[in-house]
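Q: Everything below, folded, please.
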Amino acid sequence: MRFTREAEYALRALAYLASVPSGQVRPANQVADACGLPGPFLSKTLRKLARSGLLRSARGRSRGYGLARSPGEISVREILEAVEGADAFRRCVFWDAGCSEDHPCVLHPAWAGVRASLLANLERMTLEDVRAAWWARDPPVGWGELAGRKIQRTKGGGP
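A: The predicted structure is shown next:
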């Protein structure tokens with residue numbers, strides 16, 4: 001089980017949207033700029049998150065994306081499954097090819113026990129936890145002033 005870059009982008013974008021005042025939306029290009037992510041790829045990810053019910057999308061004059069629920073009600077498991085697929089945690093972490101529930105690899109029983117614990121932890125961890133941890137580690141500069149302006153990226157990856 002290896003998560004894709006799309007999962008990281010989804011977590012970053014959702015963490016940003018968790019910092020936006022409740023009920024407000026942000027255009028996809030603003031989310032991409034604020035998070036230092038590639039716009040076209042992030043747009044596809046945001047659409048996927050909206051289809052899964054984690055984001056709401058607004059059309060018209062004030063178009064963009066906003067959280068469908070409060071950050072404390074969205075689990076990290078939901079986010080990862082929305083991006084990686086419902087079977088993300090059923091895949092073998094040791095060998096992608098040739099291992100399944102029907103034909104398990106020799107290490108499959110060990111993964112089953114770890115998987116249950118991992119899923120429980122990811123279910124308890126919320127988007128609010130991710131946002132708080134990210135900002136404690138790499139606090140955004142001028143986060144409240146992002147409306148409509150591009151962010152200068154530094155070499156260290158922070159805004």
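Q: make it CA atoms for all contacts and neighbour counts henceforth
A: Noted.
Q: Could I get the buried residue list for stretch 26-42?
A: 26-37, 39, 42 (16 or more other Cα atoms under 10 Å).
Q: Got the confidence number for the closest residue in space to Phe3 that isn't next to it in sequence?
A: Distances taken as Cα to Cα, 6 or more residues apart in numbering place Glu84 nearest to Phe3, at 7.2 Å, with adjacent residues excluded. On pLDDT, Glu84 comes in at 92.
Q: Against Pro38, how distant is Glu84?
A: 18 Å (Cα to Cα, to the nearest Å).
Q: One more: Tyr65?
A: 16 Å.
Q: Please apply the same query to Pro109.
A: Distance from Pro109 to Pro38, by Cα to Cα: 39 Å.
Q: where does the residue in the chain sticking out farthest from the centre land in three-state SS?
A: The centre of the chain is farthest from one residue, Val106, which by Cα atoms, centre = their mean lies 31.8 Å away. Three-state call for Val106 (DSSP: H, G, I helix; E, B strand; the rest coil): coil.
Q: Kindly state the pLDDT recorded for it?
A: 87.
Q: returning to that earlier point: does the residue nearest to Phe3 really touch Arg5, like I thought?
A: No - using Cα atoms under 8 Å, Glu84 makes no contact with Arg5, being 10.1 Å away.
Q: The two: which is more packed in?
A: Neighbour count, other Cα atoms under 10 Å: between Glu84 and Arg5, Glu84 has more, with 17 against 9.
Q: which ones are touching the more buried one?
A: Residues near Glu84 by Cα atoms under 8 Å, 6 or more residues apart in numbering: Phe3, Thr4, Ala7.
Q: Could you give me the ChimeraX selection string for whichever of those residues are buried?
A: Burial among these is assessed by 16+ other Cα under 10 Å; the matching ChimeraX selection reads:
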select :7
